[in-house]
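Undergrad: With the input below, show me the fold.
(chains A and B)
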Amino acid sequence: MSRAARLLTPLAGLAGIAGFLGLWELAVVVFDIKAFALPRPSRIVSDMASNPGFFVRNGWATAREAGIGLAVGALAGAVIAVPMAHLRVIDRAVAPVATLVQVTPIIGYAPAIVLWLGPGLGPIVVITALVCFVPFLFGAASGLRSVDPDTLELLRSVDARWWEELWRLRVPHAVPYLFAAARTAIGLSLIGAALGEWFALVDEGLGWAIKQGINFNAAPQVWGATFTMGALGLAGLGLVGLAERASGLGRPEPGR
Amino acid sequence: MPGFVEVEQVTKAFDTRRGPVVALADVELSIARGEIVSLIGPSGCGKSTLVRLVGGLLAPDRGSLRVDGQDPVVARAAKSFALAPQSPALLDWRSVRDNARLLVRVNRGAERHPVLDDAAIDDLLREVGLGDFLDARPRQLSGGMRQRVSLVRAFALGAPVLLMDEPFAALDEITRAEMRYLLLRLWSHHRSTIVFVTHSISEAVMLSDRVVVMAPRPGRIVAVETIGLERPRHEAQEDSVAFLGHVATIRRALHRAMAS
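TA: This is a model prediction of the structure:
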């Protein structure tokens, strides 16, 4: 990639977001959409600027819940993926259960989790971990299996132990898959945490702020919290990109 | 006197959807310590299967194999084999230096023979012209350079037997010729026993003490040509009458193998 392209690539992301918000702003003006139905982005931002502490405080609460839930889900997915990648029978047994977890709506099981664990951070983390777990599970299992057969045979030719095979070959192969899973899971973790806040009887977080805004018909609060979630998602994606680059194990750079 | 590698009446079949396919039938081969033996033959004649049986990576259905008097599985557990597969099989996320040390590092301490230490492996990498690339990643190297790392990795283990399954097949002709002389140079220092699979007659003749010609359906040995060229071998020998005679003999044996 040329120096100019390297400098311009991050700007392309900002330009994409600016273009999207610009079209939104234009559509509201051109089609004369009422603010209670869909406010202009500039209006949402100015409302947020009038009470930034509210969004920072609640954004931090949701980010913390999402981060912990994501880490728990990633760890559980990666650990369970090891026997799945090793034994087809375990893969066959676990995959349908994971798919069931993935397709069951959070609102179906969230109240039960709150009942079991009680209100607070616990059920939010569990709900978030459950929604994040599946992409990590399938991603890690695919990555652990995707090793080069020649390299695998090379290690076996010197009677490598199973854990050496795992650590020296399979885990590094799985890392790009885990980063891809993390990209999907960032958004899921924020949605999981926000929805968890709806059920977990907490009084902070962006999910709580959205619920409260709906109850009190406070559209600026609803949209401000939504924008804050979007910003958190983008920040999370940026962090994943940085971690991927630092690891040296990421996906190959796409072409021009 | 038994050979260093002994293959006795070995038969191996694989189950396929169309039923069992006999990859090797009643194969007999004895290889002396320090000998270079090339296996040549059309695709499907069981060359790679024979290499994997010798290396303890596959078990025979019938017959027996011994390596220095041991079962190949026991020899494999003692890291007696250094494999050089067709692809260089380098770890993309590790440096050239780390890749060259891989076989020494894995299952460390299981070997019953001396292995090269880190400094000696670095020296070997310098000897094959990779001195400026010790910290480079494999993707920064050409195909020939990657294959040189693979060769150094194999010799670094100091294993008594090198199993080389078409290691130069993916290289262009000029690089391939360079690699065979590089292999001979490294072998002259270490004198390992080498079982070398190839499709190239001239490569087999130039490298080997004996060339084993194999035929398919079922995989079997149909001819063994002893190469009388003096060692150390050099490029000028490729124009010699003796070299060309061996090439012609093996070519005829291959034609017969393919017609059979």
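
Undergrad: What's the local residue count around B:L90?
TA: 26 (other C-beta atoms under 10 Å in any protein chain shown). Every C-beta, even on glycine, is put in place using the N, C-alpha and C of the backbone.

Undergrad: surely it meets B:A100?
TA: No. Using C-beta atoms under 8 Å, B:L90 makes no contact with B:A100, being 9.2 Å away.

Undergrad: any common contacting residues for those two?
TA: Counting by C-beta atoms under 8 Å, 6 or more residues apart in numbering or on different chains, the shared contacts of B:L90 and B:A100 are B:V149.

Undergrad: what's whichever helix or strand A:F179 is part of packed up against?
TA: For A:F179, the element it lies in under DSSP states H and E is helix A:171-199. Counting contacts by 3 or more C-beta pairs under 8 Å, 6 or more residues apart in numbering or on different chains; DSSP states H and E, helix A:171-199 packs against helix A:52-86, helix A:106-117, helix A:121-145, helix A:206-215, helix A:219-247.

Undergrad: Pipe those helices into CSV and attach mean neighbour count per row.
TA: Converted to CSV, these look like this (neighbours: other C-beta atoms under 10 Å in any protein chain shown):
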stretch, mean neighbour count
helix A:52-86, 20
helix A:106-117, 15
helix A:121-145, 24
helix A:206-215, 20
helix A:219-247, 17
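
Undergrad: Compare the ones you listed and give me the one nearest B:V161.
TA: B:V161 sits nearest to helix A:52-86 of all those, at 29.2 Å, using C-beta to C-beta.

Undergrad: quick revisit: is it possible to export the helices and strands packed on helix A:171-199 to a markdown table including mean pLDDT and distance to chain B?
TA: As requested, the helices and strands packed on helix A:171-199 are arranged in a markdown table below (pLDDT from 0 to 100; distance: least, C-beta to the nearest C-beta, whole Å):
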| stretch | mean pLDDT | distance to chain B |
| --- | --- | --- |
| helix A:52-86 | 96 | 18 |
| helix A:106-117 | 91 | 37 |
| helix A:121-145 | 95 | 13 |
| helix A:206-215 | 94 | 37 |
| helix A:219-247 | 93 | 9 |
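
Undergrad: per-residue confidence for A:R256?
TA: Looking at A:R256, its pLDDT reads 44.

Undergrad: before we move on, the earlier item: JSON lines for the helices and strands packed on helix A:171-199, including distance to B:L141?
TA: Listed next are the helices and strands packed on helix A:171-199 as JSON lines, based on distance: least, C-beta to C-beta, whole Å:
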{"stretch": "helix A:52-86", "distance to B:L141": "29"}
{"stretch": "helix A:106-117", "distance to B:L141": "49"}
{"stretch": "helix A:121-145", "distance to B:L141": "24"}
{"stretch": "helix A:206-215", "distance to B:L141": "49"}
{"stretch": "helix A:219-247", "distance to B:L141": "21"}
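
Undergrad: Next, find the distance separating the closest residue to A:S42 other than its chain neighbours from A:E165.
TA: Leaving aside its sequence neighbours, A:S42 sits nearest to A:E25 (C-beta to C-beta, 6 or more residues apart in numbering or on different chains; 6.1 Å). Using C-beta to C-beta, to the nearest Å, A:E25 is found at 55 Å from A:E165.

Undergrad: So B:G63 belongs to a strand, correct?
TA: Yes. Checked against DSSP: H, G, I helix; E, B strand; the rest coil, B:G63 lies within a strand.

Undergrad: Could you report the separation of it from B:L29?
TA: 11 Å.
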